[in-house]
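# The following block contains a protein sequence and its predicted model.
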Amino acid sequence: MDHITFHHDTVLSDVHMLQPNARHLMTRLNSVGQPDGDKQDHDDPGKEAEPSDEPREDVDKDTLVASSGGTEGEEGGAGNVKSFLDVDGDLDIKHRPRNNPNEEGGRDLVCPVILKQSESALEEEDEATDDEGIIKIEHTMATTLEDVGKQVWLGAFLLADFILSKPHVFRGATVLELGAGTGLTSVVMATVAKTLYCTDVGEDLLSMCRRNVTLNQHLIEPAGGEVRVRQLDWLQYDLCTDADMEFRWTEEEVADLYDNTKIIVAADVCYDDDLTDGLFRTLYRLCSNFRQTCTIFISLEKRMNFTLRHMDVSCDAYNHFSHCLFQLEEQVDGRCSFTVEQVPSDFAQFLLYERIEQLELWKVTATPLDAQAVKTAPPPKEPKQCSS
């Protein structure tokens with residue numbers, strides 16, 4: 001395995017597989033919204049928890065102080081809310097000081113867990129000696145708009161779930177991912193596909209993606225998959241084959257892409273209208289030159305925003321995506337036809353995350369027309385820029 005060097009502004013998180021037989025219990029909250037310190041009966045979820053003076057291991061001392069309404073010896077118990085309200089009436093909770101504060105004021109290196117297993121699964125994991133079933137992803141917790149690819153988005157989890165629930169659709173295929181970001185979906189895809197072209201833009205982001213691929217070779221190698229991290233700019237017409245570029249395409253890879261690609265996937269990439277236009281132009285351009293039918297899966301989250309223009313909550317980015325999606329279906333040029341359908345989100349969930357109703361998965365089937373028709377047809381026109 002290649003040597004991994006993490007940057008100071010990134011974190012490493014574990015993505016755990018869902019344990020279908022484990023119960024997921026909600027944490028009780030007291031009257032001020034803090035986790036209740038009382039133990040809950042895991043054997044009988046419907047039974048009320050018995051009072052206990054023993055502190056829970058997963059709640060720190062300061063939280064217990066807040067939950068009980070004061071320190072030992074104070075009167076009022078849980079109902080004594082005033083004992084920890086400040087002068088303005090806001091909740092005032094003391095936080096436990098860091099064990100290793102950074103005196104220089106920089107950011108500490110942390111390793112949070114994005115998704116948590118149920119308690120029984122975590123206990124089994126503690127006894128395990130390997131990383132089987134765990135995907136490790138380097139990412140950032142927050143970014144500017146230009147670097148959103150360095151975060152992990154819910155659309156990637158939804159698409160990964162679909163891949164794991166329908167492995168026969170992708171098994172042994174040559175697959176292209178557009179806007180791969182941290183590479184989570186590509187890593188999952190590589191456990192069933194033969195060849196995976198994992199693409200995005202920017203050497204910094206692609207380097208992070210390649211590190212994540214290396215981190216998860218323990219999942220990819222046994223499956224026999226291969227991941228190639230390459231640059232693909234939706235705003236450029238040609239694939240980059242410049243010998244001076246680190247993530248360039250070889251001529252053999254370009255030929256393989258056009259001759260053998262059966263699947264294209266993209267997760268949570270439609271958040272900017274100009275980029276959405278570039279995505280659909282790229283899809284049209286690629287599929288019009290493929291040698292066989294290609295199936296495209298696009299996952300995304302409908303994001304609600306209040307706009308002054310509408311003076312209401314709207315989904316402008318999603319509306320633009322929908323317009324471009326069906327405009328692609330109406331495209332007629334004698335080279336390739338497109339059909340569009342939404343995939344129901346009722347497939348099995350393999351990763352632990354909140355599958356909210358705003359998450360959607362769309363399927364586009366691109367079918368090249370008869371070879372003779374392609375020869376006699378006039379040169380294809382680029383689809384018009386989508387208009388809102």
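Looks like it came in fine. In this text the structure is predicted, and so the values were computed from the model without any measurement. Numbers count the residues shown, from 1 in each chain.
# Give me the nearest residue to residue 157, chain neighbours excluded.
residue 353 (4.6 Å; C-beta to C-beta, 6 or more residues apart in numbering). For every residue, glycine as well, the C-beta is placed using N, CA and C.
# Which phi and psi values does the one you found adopt?
When quoted as degrees, to the nearest 10, the phi and psi of residue 353 stand at phi -160, psi 170.
# Tell me how many other residues crowd the closest residue in space to residue 304 that isn't next to it in sequence.
Distance criterion C-beta to C-beta, 6+ apart; nearest residue to residue 304, sequence neighbours excluded, is residue 313 at 5.0 Å. By the measure other C-beta atoms under 10 Å, the count of residues near residue 313 is 9.
# what does residue 171 give?
By other C-beta under 10 Å, 12 other residues sit near residue 171.
# tell me the contacts of it?
Taking C-beta atoms under 8 Å, 6 or more residues apart in numbering, we find residue 171 in contact with 192, 193.
# mind running it again at 10 Å?
191, 192, 193, 194, 223 (C-beta atoms under 10 Å, 6 or more residues apart in numbering).
# What about it? Give its phi and psi, please.
Dihedral angles for residue 171 - degrees, to the nearest 10 - are phi -60, psi 130.
# Could you do the one 5 residues further on as well?
Backbone torsions of residue 176, given as degrees, to the nearest 10, read phi -120, psi 130.
# so it sits right up against residue 257, yeah?
Yes - the criterion here is C-beta atoms under 10 Å, and residue 176 meets it with residue 257 at 6.6 Å.
# Overlap in contacts, the two.
Common neighbours of residue 176 and residue 257, using C-beta under 10 Å, 6+ apart, are 195, 197, 199, 230, 232, 286, 290.
# Those in strands, which ones?
195, 197, 199, 230 (DSSP state E).
# one step back: state the pair within the shared contacts of residue 176 and residue 257 that is farthest apart.
Across the shared contacts of residue 176 and residue 257, no pair lies farther apart than 230 and 290, at 16.9 Å, counting by C-beta to C-beta.
# and residue 196, what does it touch?
Residue 196 neighbours (C-beta under 10 Å, 6+ apart): 170, 173-177, 180, 183, 185-190, 213, 220, 225-229, 263, 265.
# which stretches of this structure aren't confidently modelled?
Low-confidence segments of the chain (pLDDT under 70): 1-14, 16-133, 141-147, 306-312, 370-388.
# hmm, try it at 50
Counting by pLDDT under 50, the ranges of the chain that qualify are 1-8, 21-27, 32, 39-82, 101-129, 371-372, 374-376, 383, 387-388.
# In it, what residue spans correspond to helices?
Taking DSSP state H, the helices of the chain run over residues 61-68, 119-127, 154-165, 167-170, 184-189, 203-215, 217-223, 251-260, 273-287, 316-329, 371-376.
# and residue 138, which of the ones you listed is closest to it?
When the helices of the chain are ranked by proximity to residue 138, the top entry is helix 203-215, at 5.6 Å, counting by C-beta to C-beta.
# in the closest one, what's buried?
By neighbour count on 16 or more other C-beta atoms under 10 Å, the buried set for helix 203-215 is 205, 206, 208, 209, 210, 211, 212, 213, 214, 215.
# Tell me which residues touch the third one, please.
By C-beta under 10 Å, 6+ apart, the contact list for residue 208 reads 6-7, 10, 137-140, 149-150, 181-183, 200, 202, 229.
# Filter the contacts of residue 196 down to the buried ones.
Neighbour counting with 16+ other C-beta under 10 Å marks 170, 173-177, 180, 183, 185-190, 213, 220, 225, 227-229, 263, 265 as buried within the contacts of residue 196.
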